[in-house]
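Engineer: attaching a predicted model along with its sequence, questions to come.
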Amino acid sequence: MKTVLHLAATRGHANFGWLDSYHSFSFGHYYDPERVHFGALRVLNDDTVSAGMGFGKHPHDNMEIVSIPLSGDLHHKDSTGRDEIIREHDVQIMSAGSGIAHSEMNANRDKPVKFLQIWVMPKAQNIEPRYEQKSFKPENRVNQLLTVVAPDNEDAVWINQDAWFSLGNFTKDFSTSYQLKKSGNGVYIFVLEGNLEINGQSIGTRDGLGISEIATIDIKASTNAQIVLIEIPMSLA
């Protein structure tokens, strides 16, 4: 078993006034050669965008981009003509593929939007750009892991990679285990709130823990806790 621990206080940070962003991996002006990626997981940004502000139209290619609003509403527009509002409890994915341009704006004029933006390196290059979003009931992840992104589950949003994202809201002292779905994959756990023990390692709010070379992980909530669990290929070949 191999582990890598990214404590919340060690993340990169950028504050542009309208955007307050914390980076678990190298991004923008933040660069740490030890934190460029975890397998195919390239970016995990914890963003707060001020009311009425956002990211203007900009291009991407050959990246799987997942947005998970934590509070507030995000307005997405892209070069395919897509125009959507992404709300709390929604999960959105954009497969940039051969190339797409999009904007992401706070849809509200009276409150910030908080969301995770997660980039995964794709399995196949230059696919036709695609977009999908689905809403997931919060009660379906109470004391269980709810799969929200997957390559093989029609109830989740599809991803161009052998990767699975799960959300869990756990009550104090709840414990469970997670069986990896594919040999050679690893797991990155990002704590949204609370404290947990993962295979005996204590982690807290906004910490990230990567685990590889293992088939099962054990999770115990030391307090009420919320997590994002990302199973991801470790090989980039």
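Structural biologist: Good, I have the coordinates. Worth saying up front: this structure is predicted, and the values here are computed from it rather than measured.
Engineer: can I get the helix or strand of the chain with the lowest mean pLDDT in PDB? Just the C-alpha atoms.
Structural biologist: One helix or strand of the chain scores below all others by mean pLDDT, DSSP states H and E: strand 54-60, with a mean of 90. Written as PDB, here are the backbone C-alpha positions of strand 54-60 (Å, rounded to 0.1, in the frame of the first residue of the first chain):
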ATOM      1  CA  GLY A  54     -17.200  33.800 -13.100                       C
ATOM      2  CA  PHE A  55     -14.900  32.300 -15.700                       C
ATOM      3  CA  GLY A  56     -15.300  33.800 -19.200                       C
ATOM      4  CA  LYS A  57     -15.300  31.700 -22.300                       C
ATOM      5  CA  HIS A  58     -12.100  29.700 -22.600                       C
ATOM      6  CA  PRO A  59     -11.000  26.500 -24.400                       C
ATOM      7  CA  HIS A  60     -10.200  22.900 -23.300                       C
END
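Engineer: which of the residues in it are buried?
Structural biologist: In terms of neighbour count (16 or more other Cβ atoms under 10 Å), strand 54-60 has its buried residues at Gly54, Phe55, His60. For every residue, glycine as well, the C-beta is placed using N, CA and C.
Engineer: need those in CSV (columns: distance to Ala9).
Structural biologist: Shown next, in CSV, are those (distance: Cβ to Cβ, whole Å):
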residue, distance to Ala9
Gly54, 27
Phe55, 26
His60, 30
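Engineer: picking that back up, what are the contacting residues of the least confident helix or strand of the chain?
Structural biologist: Outside strand 54-60, the residues that touch it by Cβ atoms under 8 Å, 6 or more residues apart in numbering are 18-19, 49, 74-75, 77, 79, 94, 96, 99-106.
Engineer: buried among the residues you listed? Need that as a selection in ChimeraX.
Structural biologist: In ChimeraX, this line selects whichever of the contacts of strand 54-60 come out buried by 16+ other Cβ under 10 Å:
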select :19,49,74,75,94,96,100,101,102,104,105,106
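Engineer: what's the nearest residue to Asp73 once chain neighbours are set aside sitting at in phi/psi?
Structural biologist: Among residues not flanking Asp73 along the chain, Ala107 sits closest, at 3.9 Å (Cβ to Cβ, 6 or more residues apart in numbering). With angles defined as degrees, to the nearest 10, Ala107 sits at phi -80, psi -10.
Engineer: surely Asn108 touches Leu74?
Structural biologist: No - with contact defined as Cβ atoms under 8 Å, Asn108 does not count as touching Leu74 (9.4 Å).
Engineer: out of everything not next to it in sequence, what's closest to the spatially most central residue of the chain?
Structural biologist: Using Cα atoms, centre = their mean, the residue of the chain that lies closest to the mean C-alpha position is Ile118, 4.2 Å off. In this structure, Ile118 finds its nearest non-sequential neighbour in Val66, 4.4 Å apart by Cβ to Cβ, 6+ apart.
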